[in-house]
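# output the structure for:
(one chain, ligands or ions: 2)
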Amino acid sequence: MQVKNLPQEFIEALPVLEQIRQAGFEAYFVGGSVRDTLLGLPIHDVDIATSAYPAEIKDIFERTVDTGIEHGTVMVLDHGNGYEITTFRTESGYQDFRRPDKVEFVRSLKEDLKRRDLTINALALAPDGTVIDLFSGITDLENKVLRAVGQPEERFFEDALRMMRTVRFASQLGFSIETDTFAAIAKNAHLLEKIAVERIHVEWVKLLLGQDLKQGVAAFLKTELYRYCPGLAQQKENLAKLLELDEFQLADELACWSLLCYLCDFSISDAKKFLKSWKTSNEIITEVTNVLTLLKHADEPTIDPFSCYKAKEKATQTAADLAEILQLKLSKETLITTYEQLPIKDKAQLTINGKVLIEKLSLKPGPILGKVLNILEHEVVLGNLPNQSEVLLQRAQELSKD
Ligand SMILES: Nc1ccn([C@@H]2O[C@H](COP(=O)(O)OP(=O)(O)OP(=O)(O)O)[C@@H](O)[C@H]2O)c(=O)n1
Ligand SMILES: [Mg+2]
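Ligands and ions are numbered 1, 2, ... in the order given. Below is the predicted model:
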């Protein structure tokens with residue numbers, strides 16, 4: 001097969017491949033960018049593989065950085081963008097199911113491709129556009145099949161994360177998993193326990209953001225990979241609720257975690273523990289908490305404006321999107337409109353503040369002042385008082401006397 005029009009990202013990298021070839025070595029584009037090009041999808045990282053050893057690459061180019069020299073990866077800076085160039089390699093002795101005991105550099109493209117995870121990821125693209133397809137990856141792309149290269153179990157023993165990658169691709173691409181590959185995942189799902197949660201996290205979020213999430217989730221459940229993910233072992237039925245929903249597409253990581261926590265019916269403190277076990281960022285934990293607090297009103301037709309004010313824009317938008325996906329009684333429109341109609345979105349927008357109250361009303365800093373400000377904020381947010389300084393000062397005066 002021949003790719004006629006190379007994507008711009010590849011065209012820009014051609015001088016790098018050309019320079020390696022002129023030095024007498026082979027060089028190809030490999031990995032996800034080749035797969036995505038053949039699928040007509042945008043590409044995000046350009047990986048280059050070569051028969052030249054790292055030391056040889058460093059001789060060929062002037063500006064290089066040892067970004068992953070022990071795996072055979074050198075970054076070349078000579079041609080504008082930085083390009084990661086990895087020497088063809090084979091690996092052996094995966095005693096811990098995640099890293100090879102030994103990486104060996106080789107001169108043969110075939111040796112390199114045959115230790116890659118899936119046939120659709122084991123394609124190489126030559127600078128002239130020729131696709132090197134040694135494992136029928138193109139047929140699998142056409143048939144929308146995810147098939148491990150060679151013996152599936154061997155590939156998953158090499159790196160157990162590949163099992164999560166496979167279900168992630170099922171979701172991203174809407175492909176089905178070939179029978180033997182599927183059976184090998186089901187048999188070895190427990191090996192996922194050997195994998196760092198940070199790596200599983202990346203795949204899990206990509207799975208949930210996939211356009212064919214149901215396909216990915218169905219495989220995740222059926223292979224029982226879920227049993228070896230943090231906090232999900234007891235959640236089979238709740239996860240299966242994802243399969244019952246109408247078609248939907250999640251917007252971002254916050255939506256993913258919020259939806260999960262909601263479907264699992266986690267309390268705020270359970271949700272925090274769950275998210276911590278996945279090592280999500282503190283920002284995600286805070287925002288998910290805000291979304292779940294809003295969704296406590298899921299069965300009510302309206303929501304009080306102060307709840308939206310407290311949750312802020314991002315969480316309200318996310319709760320609104322989930323309200324639509326879950327077809328809650330509390331509708332998307334209600335959440336959005338309630339937020340948009342807030343007289344103020346932030347305390348800083350109040351026409352008075354502590355300093356003003358101290359100056360104009362001779363109030364003293366302390367709990368009373370704080371309480372007065374809170375009441376004013378509340379009443380302005382609820383629309384009970386206009387956000388006008390004279391009105392607020394007058395009300396503050398009354399309140400401070402109480
Ligand atoms: N556990 C892994 C990770 C990666 N690869 C190989 O390395 C390539 C690049 O890996 P990576 O960028 O992590 O994944 P992509 O397949 O490119 O997917 P994405 O589009 O998400 O980057 C893969 O295509 C595959 O050939 C592999 O065999 N096993
Ligand atoms: Mg990639």
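# now Gln317: how far from ligand 2?
Computed as Cβ to the ion, to the nearest Å, the Gln317 to ligand 2 distance reads 30 Å. C-betas here are computed from N, CA, C, even on glycine.
# got the CA positions of stretch 21-40 in CSV?
In CSV, the C-alpha atoms belonging to stretch 21-40 read as follows (Å, rounded to 0.1, in the frame of the first residue of the first chain):
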residue,chain,number,x,y,z
ARG,A,21,19.1,7.2,5.1
GLN,A,22,22.0,9.1,3.5
ALA,A,23,24.2,7.9,6.4
GLY,A,24,23.4,4.4,5.2
PHE,A,25,20.6,3.4,7.7
GLU,A,26,16.9,2.7,7.5
ALA,A,27,14.3,5.0,9.0
TYR,A,28,10.5,4.8,9.1
PHE,A,29,7.5,6.4,10.7
VAL,A,30,6.0,4.0,13.1
GLY,A,31,3.3,3.6,15.8
GLY,A,32,0.0,5.5,16.3
SER,A,33,0.7,8.2,13.7
VAL,A,34,0.8,5.6,10.9
ARG,A,35,-2.3,4.0,12.1
ASP,A,36,-4.1,7.3,12.4
THR,A,37,-3.0,8.4,8.9
LEU,A,38,-4.4,5.3,7.3
LEU,A,39,-7.7,5.9,9.2
GLY,A,40,-7.8,9.5,8.0
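# quick one: average confidence on that stretch?
Here stretch 21-40 scores 97 as its mean pLDDT.
# next, the buried residues of that stretch.
21, 25-38 (16 or more other Cβ atoms under 10 Å).
# could you do stretch 277-294 as well?
Here stretch 277-294 shows Trp278, Thr280, Ile284, Ile285, Glu287, Val288, Thr289, Asn290, Val291, Leu292, Leu294 as buried, counting by 16+ other Cβ under 10 Å.
# any idea how far it is from the chain center?
In terms of Cα atoms, centre = their mean, to the nearest Å, the centre of stretch 277-294 is found 15 Å from the chain centre.
# which phi and psi does the residue in the stretch 101-250 of the chain that ligand 2 sits nearest to have?
Ranking the residues of the stretch 101-250 of the chain by distance to ligand 2 (Cβ to the ion) places Asn121 first, at 8.7 Å. Main-chain dihedrals, Asn121, degrees, to the nearest 10: phi -100, psi 0.
# wait, it touches Gly32, no?
Yes - counting by Cβ atoms under 8 Å, Asn121 does reach Gly32; the two are 6.5 Å apart.
# close to ligand 1, is the helix or strand bottoming out on mean pLDDT in the chain?
Lowest on mean pLDDT, DSSP states H and E among the helices and strands of the chain sits strand 89-92, with a mean of 82. No - shown here: strand 89-92 not in contact with ligand 1 (Cβ under 6 Å from any ligand atom), separated by at least 10.0 Å.
# one step back: return the subset of the buried residues of stretch 277-294 lying in helices.
Judged by DSSP state H, the buried residues of stretch 277-294 include Ile284, Ile285, Glu287, Val288, Thr289, Asn290, Val291, Leu292, Leu294 as members of helices.
# rebuild those as a markdown table, extending it with distance to ligand 2 and pLDDT.
Converted to a markdown table, those look like this (distance: Cβ to the ion, whole Å; pLDDT from 0 to 100):
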| residue | distance to ligand 2 | pLDDT |
| --- | --- | --- |
| Ile284 | 23 | 98 |
| Ile285 | 28 | 98 |
| Glu287 | 28 | 98 |
| Val288 | 28 | 98 |
| Thr289 | 33 | 98 |
| Asn290 | 33 | 98 |
| Val291 | 30 | 98 |
| Leu292 | 33 | 98 |
| Leu294 | 36 | 98 |
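# can you pull out the helices in the stretch 301-402 of the chain?
With DSSP state H, counting those that start in this stretch as the criterion, the stretch 301-402 of the chain has helices at 305-326, 332-340, 354-361, 367-381, 389-401.
# now for the first one, which elements pack on it?
Contacting helix 305-326 under the criterion 3 or more Cβ pairs under 8 Å, 6 or more residues apart in numbering; DSSP states H and E are the following elements: helix 253-263, helix 282-295, helix 332-340, helix 367-381.
# which of those helices has the lowest average pLDDT?
helix 367-381 (a mean of 94).
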